[in-house]
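> Please work out how this folds:
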Amino acid sequence: MEFSEEAIRNIFENYVLVYGLNVIFAIVIFVVGKMVANIITNLVEKLLIKSKVDAVLVDFVAGIVKSILVLFVIIASLGELGVDTTSLVALIGAAGLAIGLSLQSSLQNFASGVMLIMFRPFTAGNFIEAAGVAGVVEKISIFNTIIKTGDNKEMIVPNGAIYGGVITNYSAKETRRVDMVFGIGYDDDIKQAKNIMTDIMQKDERILAEPAPLVAVSELADSSVNFVVRPWVKSADYWAVLFDLNESIKLAFDEANISIPYPQMDVHLNKLDSDS
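Down below sits the predicted model:
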């Protein structure tokens, strides 16, 4: 089958030239558009870094921005090739909605992760209690936070559970108050016991002079006279001081013959006479 010169010219003008130019324009749009997307992404990264936003959030936001821009570039390139982009955009929107509904909990964790990174209620290295977990924060990511407990367990906690509840940051302040309660017997000398506890705290260099430590009678309980003991320490010394004071005060009370009573119950048995 032979084609005439006019037929070949029509094929070239109507198909090869038109579609060839469309393909070239589509390639140019894609290449240039991708370059523009990279420039905008780099600009967003620099602005976020200049604003001192967390590096995790910078990388994530930059990735999202770049993906959206590249998607627009691809749609524009396909439109140049004659593809019906209206249907494509509708399809992408429907797919996005379906994915969003199926990943609702993940999106909640993502939103909570962004809030945690932006507002920084805690940072890596802080000792916190949140979502029923207490430990040192090792890493804050977009979807979850990794916490190392005191017995060296790694807990991966969803950000939604953390941000949606109460967060206790024990490392937020430089100092902490150690709250302790000691009980002595009613027959023991209250002033002597108070002097012993005060003297022990004054000799401990880890206990701060200001605010001054407190020793006061807080309760006349059923079987003991209870003292509240509240020294202030640096946050890093909290547990060491707590443990050491418990031991030191108990030993000092034993040496001074001051009792630390424990709850007791007296049981009286009455014998009933029965007719035989």
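> What residues sit buried inside stretch 206-214?
Buried residues in stretch 206-214, counting neighbours by 16 or more other CB atoms under 10 Å, are found at 207-208, 213-214. C-beta: built from backbone N, CA, C; applies to glycine.
> got it, and stretch 46-53?
For stretch 46-53, the buried set under the neighbour-count rule, 16+ other CB under 10 Å, comprises residue 48.
> Show me what it is in contact with.
With contacts defined as CB atoms under 8 Å, 6 or more residues apart in numbering, stretch 46-53 is touched by 57-58, 61-62, 117-118.
> nearest to residue 138, of these?
residue 117 (14.9 Å; CB to CB).
> any idea how far the closest one lies from residue 52?
12 Å (CB to CB, to the nearest Å).
> tell me the secondary structure for the closest residue to residue 235 other than its chain neighbours?
Excluding the flanking residues, the one nearest residue 235 by CB to CB, 6 or more residues apart in numbering is residue 176, at 5.0 Å. The three-state assignment at residue 176 reads strand, by DSSP: H, G, I helix; E, B strand; the rest coil.
> again with the one 5 residues further on
Of the three states, residue 181 takes strand according to three-state DSSP.
> Let me know how buried it is, in neighbour terms.
13 (other CB atoms under 10 Å).
> isn't it right up against residue 227?
Yes. Contact status for residue 181 versus residue 227: in contact at 6.9 Å, counting by CB atoms under 8 Å.
> where do the contact lists of these two overlap?
In contact with both residue 181 and residue 227: residue 218, using CB under 8 Å, 6+ apart.
> Look up the residues forming beta bridges with the residue nearest to residue 235.
residue 233 (DSSP bridges).
> Residue 168 too?
With DSSP bridges as the criterion, residue 168 is bridged to residue 129.
> That one and residue 222, how far apart?
From residue 168 to residue 222 the distance is 32 Å (CB to CB).
> So which of the two has more stuff around it?
Between residue 168 and residue 222, residue 168 has the larger neighbour count (other CB under 10 Å), namely 13 against 8.
> Going along the chain, name the strands of the chain.
127-130, 133-140, 144-148, 154-158, 168-169, 175-177, 180-184, 214-220, 225-230, 232-234 (DSSP state E).
> in the longest one, what counts as buried?
Along strand 133-140, the positions that meet the burial threshold by neighbour count (16+ other CB under 10 Å) are 133, 135-137, 140.
> Residues contacting it from elsewhere in the structure, which ones?
With CB under 8 Å, 6+ apart, strand 133-140 has contacts from 54, 56, 113, 116-117, 122-128, 145-150, 153-155, 157.
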